[in-house]
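Chemist: let's see this in three dimensions:
(2 chains)
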Amino acid sequence: MSDSQVVVHGAAEGAHHEHLPYQRHHFETYAQQSDATNFAMWLFLLTEVMFFGGLFTAYLIYRNWYYPAFVQASHQLNIFWGTANTAVLISSSFTMAMAVWSAEVKKKSSLVLYLVITFILGLVFLGIKTIEYSEKIEKHHVPGFHYSLQSFVNPQSDPEVYKEYKDKPLPYDMARHTEIYFFLYFAMTGMHALHMIIGIAILGVMIFRARAGAYTTGHVTFVENFGLYWHFVDIIWIYLFPLLYLISRHQ
Amino acid sequence: MSAATIVSLPDQSTARIPRMNFMSKEKGLLSWLLTGDHKRIAMLYLVSITFFFFIGGALAGLIRLELLTPQSDLMATDTYNKVFSMHGIIMIFFFLVPSVPATIGNFLMPIMIGAKDLALPKINLLSWYLYMAAGILGLYAMATGGVDTGWTFTTPLSTHYLNTNVITTGLAIFIAGFSSIFTGLNFIVTIHKMRCPGMTWFRLPLFVWSNYAASILMVLGTPVLAITLVLVVLERTAGIGVFDPAKGGDPLLFQHLFWFYSHPAVYIMILPGMGVISETVSTFSRKRVFGYTAVAFSSVAIAVFGFFVWAHHMFIMGISNYSMLVFSLLTMLVAVPSAIKIFNWAFTLYKGSITFETPMLYSFGFMGLFTIGGLTGVFLASSGTDIHLTETYFIVAHFHFVMVGGMLMAFLAGVHFWWPKMTGRMYPEKISQLAALVTFIGFNFTFFPQFILGTLGMPRRYATYPPEFQVLNVFSTAGATILGVGYLLPILYLTWSLKYGEIAGDNPWQATGLEWQIQSPPLTENFPAIPIMDHEAYDYEWLEGQKEKVASVG
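Modeler: Numbering: from 1, shown residues only, chains lettered A, B, ... in the order given. Below you'll find the model as predicted:
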């Protein structure tokens, strides 16, 4: 065969694409680019669902097996701080949505403002989480580290919780399974907090870039996709809050 | 073997490698390490997985040497435990899972669908760096004492009874998992969003379909493995007992979570290989793949069924009879789409003009060995026989027939088939045909005796065995030696061909895929202009028409 190639038909060879500055070279159009990156973000969130899915499965199985232990252990959680944190997180989702909108309508100052508020709300969430974790540490409810069954085999030794729930003492065999509850509590909220920390770090970078005007040029894909991530982390909490704090309150 | 061949090379005295191509575009180490080009990343992957393959292969050699005699004389029994564990871990996570998708798939999938690159080039590069980080961490774990849990990390063995590098190895696999998630994610996005005009779903080459199916498994399965390994690591460091029966945890939960990934992982490994076979069988019998749609959907069916069969790894672990019944039935169902593929390839061959170039020889090897591997899988799916055969050499032989006889053959078929496209040069045909034959013979010598050993009751994972099993083990070790030669040959002659191979030209196989209509090696942006797909896949008449057009214009 000679050098002549089997000719590949050129698509609209004459039509010179109008390339926007932020369009990457391997995409034909900017719409294709933002479509593809958006789709990729949704897929990534799907992998995150599967990631947390393993923990949710473990939670459901053990809750089923060790029901009394899970009920009493969940009474140890601080409903006030939990509710406050839910409110903080939902507000941060709202400000994040507003940030995406500001980027879309190219309002730089309001974009920066909303990003900063989201950033602060994220930090507040972590702060409250720290208060909750330190309560657990004080009561020796951290599994694996001098875990204490005192509050479950002898609920009256824990007057504040006892006042509210009047729990009956659990037999030792059941009481020790509260450790699994607390392990799952720490694993799930810990993974969630880790996602928050990553999110807050990215937000920090975004604030600087937004001030430099990077997202108000019409290229909003990054802000949009980060918004998806932030809402996803929020939704994980929306499932964690009832499962860990609420469903055993009246038992 | 007949002399008939479809190879058509340009006149060697005038032909040259195109001066502008993806390899010549930029020079220097950094231009490779920071590249976004899917073809360069594929080459990086190819070199790295070959490196890991030979480490895993060396460990396999040690295993076979130890099993030459009934006593443990080459190494102590706990060294043997580490050797087979590291063999499994390296071969599965650092060779088989990334083998076809990250190398051949990375190189060709974008070209096959008429795109300039994968949708997310930076994520693609990141996936290679994660792979390397994981690989180096894994080697570090091996060098500093190894791990002896087997590749399955069975709890509570891995969490409470062993003092080896479980945490380091677990982290290595965790990181490798993300490398594979990113590859899968990138593939799915690319196939959905980057197809060229006219490239409808049912015009995609079947290689793309099977990589798509494998990508779904990577994206949905791997995160579950990741969280499971996190739990194992936490259990070891903090001793929290989520898998520890002494503390009320459930070791079976680990099995469920682990096999929820690790059974689909088998299809992550085999599906891309099946895609390669569809391409080669069509090219070397000059026919459209019989039942294109059925083959395409069978890939997706394998991916879907693959998620509902994991508990067949747990028949002897105390799951209920009812779940045994259900999982047994579901497992047998997977045989249906696999059989659809095998039958359709056979019908593609029927009345085709078959030629026997190296990729085709490997493909025949695949079809025969995969069929045996697959059918013995049905034995193991029936819970009754499984209880007798599991944890014996029968199961070792079964999955090596599928993974080595199937996947590795397919990988080699693919590497030979697309070597001219990747490098612009042909591999030497005669010696590579010989290598394919040696591999096939060596493989059967190595693993067929293990079926017999298994039915006789020789358990897997022991360094010693009763003396009556020695004859068959000697056979197996002798076969492994031949197999080793079969794998060393390609490394030698493929490296040789990089400089001395014949110039391949654009389309040495007269194949129909878009990748064969461009220069070899391709340009960085693959196509001078984005193509329009105006014909079905595997349309040989279209190809003839193109040639006539060129002839009449020229």
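
Chemist: name the helix or strand for A:Asn225, please.
Modeler: Element membership for A:Asn225 (DSSP states H and E) is helix A:221-240.

Chemist: list the helices and strands that helix packs on?
Modeler: Contact partners of helix A:221-240 among helices and strands, from 3 or more C-beta pairs under 8 Å, 6 or more residues apart in numbering or on different chains; DSSP states H and E: helix A:30-65, helix A:79-104, helix A:178-211. For every residue, glycine as well, the C-beta is placed using N, CA and C.

Chemist: mind running it again at 10 Å?
Modeler: Contacts of helix A:221-240 with other secondary structure elements, assessed using 3 or more C-beta pairs under 10 Å, 6 or more residues apart in numbering or on different chains; DSSP states H and E, are made with helix A:30-65, helix A:79-104, helix A:108-138, helix A:178-211.

Chemist: buried residues of that helix, list them for me.
Modeler: The neighbour-count criterion (16 or more other C-beta atoms under 10 Å in any protein chain shown) identifies A:221-234, A:236-237, A:240 as the buried residues of helix A:221-240.

Chemist: can you spell out which helices and strands pack onto the helix or strand of chain A with the lowest mean pLDDT?
Modeler: The element with the least model confidence among the helices and strands of chain A, by mean pLDDT, DSSP states H and E, is helix A:159-165, at a mean of 86. Counting contacts by 3+ C-beta pairs under 10 Å, 6+ apart, helix A:159-165 packs against helix A:67-74.

Chemist: try it again with 6 Å
Modeler: With contacts defined as 3 or more C-beta pairs under 6 Å, 6 or more residues apart in numbering or on different chains; DSSP states H and E, there are no secondary structure elements packing on helix A:159-165.

Chemist: which residues does that helix contact?
Modeler: A:75, A:155-156 (C-beta atoms under 6 Å, 6 or more residues apart in numbering or on different chains).

Chemist: 10 Å instead?
Modeler: Contact with helix A:159-165 is made by A:71-72, A:74-79, A:139, A:151, A:154-156, A:158, A:167, A:248-251, as judged by C-beta atoms under 10 Å, 6 or more residues apart in numbering or on different chains.

Chemist: so how far is it from its chain's centroid?
Modeler: Here the centre of mass of C-alpha atoms in helix A:159-165, compared against the chain's by C-alpha atoms, centre = their mean, to the nearest Å, lies 31 Å away.

Chemist: now the angle from the helix holding A:Asn225 to helix A:30-65?
Modeler: 10 degrees (axes from the mean of the first three to the mean of the last three C-alpha atoms, to 10 degrees).

Chemist: ok so, going back, quick one: the helices and strands packed on helix A:221-240 as JSON lines, columns for distance to chain B too.
Modeler: JSON lines is the format used below for the helices and strands packed on helix A:221-240 (distance: least, C-beta to the nearest C-beta, whole Å):
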{"stretch": "helix A:30-65", "distance to chain B": "4"}
{"stretch": "helix A:79-104", "distance to chain B": "21"}
{"stretch": "helix A:108-138", "distance to chain B": "13"}
{"stretch": "helix A:178-211", "distance to chain B": "4"}
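
Chemist: which one of the ones you listed lies nearest to B:Leu96?
Modeler: With distances scored as C-beta to C-beta, the stretch of the helices and strands packed on helix A:221-240 nearest to B:Leu96 is helix A:30-65 (20.5 Å).

Chemist: B:Gln450: neighbour count?
Modeler: Neighbouring residues of B:Gln450 were enumerated by other C-beta atoms under 10 Å in any protein chain shown; the total is 25.

Chemist: what helix or strand does it sit in?
Modeler: Element membership of B:Gln450 [criterion: DSSP H and E] is helix B:429-456.

Chemist: quick one: buried residues of the helix or strand that that helix is followed by?
Modeler: The element immediately downstream of helix B:429-456 (helix or strand, assigned by DSSP H and E) is helix B:470-500. Of the residues in helix B:470-500, those with enough neighbours to count as buried (16+ other C-beta under 10 Å) are B:472-473, B:475-480, B:482-484, B:486-487, B:489-490, B:493-494, B:497.

Chemist: understood, closing this out.
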